[in-house]
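Peer 1: let's see this in three dimensions:
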Amino acid sequence: MHHVQQNQPPGVPPLALTGERTLPDVPEENYWFRRHLAVYEWIAQRVRGLRVADLACGEGYGVDVLARAAAEAVGVDANPEAHEHARLRYQRRNLRFERRLVEEFDEPCDAITFLQTIEHVDDPEALLARFARIAPIAYISTPNRLTLAPPGAEKSENPWHLREYTLAEYRDLLQPDFARVEILGLFHARKLRAHELALRMGWDRVHAALGLTEPFYSRFVPAVSASDFRLTAHGDLDRALDFVAVCHA
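Peer 2: I've put the predicted structure just below:
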């Protein structure tokens, strides 16, 4: 099914959902958008007053969140359609966008964010070494293969992902380039946690048998908010949805 962003500001070309990046303003995509947004909002509180670069910024919503707190923010993405959309839609005095490969970005800054993208990268080791050279701290996230892919699979069916990581594999990837790495896990909270528990009790069978699947999820998914996720360093991180690494050079 072809999904395109709804209700964009005048003069801003809507983006189509391809699976390569998540988008706001697509009701069917709202779960994934809010899942990403929760992490951006958490990071924004930690880059207040800093110069921050959001690499592979995509549609631009994330770096716009960072710019609300940061002294300066730059969103970097090589995709021409995403770059043009972001440039036109998100305009702040302390925010700019650059169309370039993240592998070419070399501006010194106080912090780098690189969210849900390392799994797309062919040579992540070289890129991580570059991050460590240009910023004292990098926030890097990736999905947990154990909760994204089918049991025993090497990766999910997402064609844009080259490799997906377990917690141990992610630590092994990050630690050679940084002096200190802290990894947090993103989990369901509030109504998503309740939904998770309902699924364990057989909700999938009930809504299918009663013919409620489309009416229920057409309302439930658009109602998901960033507060329906929680980010923590505690608990069983192997069960996390995503890993968020705080990497100190």
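Peer 1: give me phi/psi at the residue nearest the centre of the chain?
Peer 2: For the chain, the residue lying nearest the average C-alpha position, counting by Cα atoms, centre = their mean, turns out to be residue 36 (3.8 Å). Main-chain dihedrals, residue 36, degrees, to the nearest 10: phi -70, psi -40.
Peer 1: what helix or strand is the residue nearest to it when sequence neighbours are not counted on?
Peer 2: The spatially closest residue to residue 36, leaving aside those adjacent along the chain, is residue 22, at 5.4 Å (Cβ to Cβ, 6 or more residues apart in numbering). C-beta coordinates here come from the backbone N, C-alpha and C atoms, glycine included. When elements are defined using DSSP states H and E, residue 22 is found to belong to no helix and no strand.
Peer 1: measure residue 22 to residue 116 for me?
Peer 2: Using Cβ to Cβ, to the nearest Å, one gets 8 Å for the distance from residue 22 to residue 116.
Peer 1: any idea how far residue 64 is from the residue nearest to residue 36?
Peer 2: As defined by Cβ to Cβ, residue 22 lies at a distance of 14 Å from residue 64.
Peer 1: following the worst-scoring helix or strand of the chain on mean pLDDT, which helix or strand comes up?
Peer 2: The weakest-scoring helix or strand in the chain, judged by mean pLDDT, DSSP states H and E, is helix 203-210 (a mean of 79). Proceeding N to C from helix 203-210, the next assigned helix or strand is helix 213-223, under DSSP H and E.
Peer 1: let's see that following helix as CSV, backbone CA atoms only.
Peer 2: Extracted as CSV, the C-alpha positions of helix 213-223 are listed here (Å, rounded to 0.1, in the frame of the first residue of the first chain):
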residue,chain,number,x,y,z
THR,A,213,-8.9,-5.9,13.7
GLU,A,214,-9.2,-2.9,11.2
PRO,A,215,-11.6,-0.8,13.4
PHE,A,216,-9.4,-1.3,16.5
TYR,A,217,-6.0,-0.7,15.0
SER,A,218,-7.1,2.2,12.7
ARG,A,219,-7.8,4.1,16.0
PHE,A,220,-5.1,2.6,18.3
VAL,A,221,-2.1,3.2,16.0
PRO,A,222,-2.7,6.9,15.4
ALA,A,223,-3.3,7.4,19.1
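Peer 1: so how far is that helix off the chain centroid?
Peer 2: Average the C-alpha atoms of helix 213-223, do the same for its chain, and the two points are 22 Å apart (Cα atoms, centre = their mean, to the nearest Å).
Peer 1: what's that helix packed up against?
Peer 2: In terms of contact count using 3 or more Cβ pairs under 8 Å, 6 or more residues apart in numbering; DSSP states H and E, helix 213-223 is assigned the packing partners helix 30-44, helix 190-200.
Peer 1: got any residues that touch both of residue 22 and residue 116?
Peer 2: Common contacts of residue 22 and residue 116 (Cβ atoms under 8 Å, 6 or more residues apart in numbering): residue 36.
Peer 1: which residues are in contact with the longest strand seen in the chain?
Peer 2: Residue-count comparison of every strand in the chain, with assignments taken from DSSP state E, identifies strand 180-188 as the longest. Outside of strand 180-188, the residues that reach it under the criterion Cβ under 8 Å, 6+ apart are 35, 38-39, 141, 144, 167, 170-171, 174-175, 193, 195-196, 228-233, 235, 237, 239-248.
Peer 1: mind listing the strands for the protein?
Peer 2: Using DSSP E, strands in the chain cover 51-55, 72-77, 95-99, 111-115, 137-143, 180-188, 229-232, 242-248.
Peer 1: quick one: closest of those strands to residue 10.
Peer 2: When the strands of the chain are ranked by proximity to residue 10, the top entry is strand 95-99, at 19.0 Å, counting by Cβ to Cβ.
Peer 1: please point out which parts of that closest one sit buried.
Peer 2: By neighbour count with 16 or more other Cβ atoms under 10 Å, strand 95-99 contains the buried residues 95-98.
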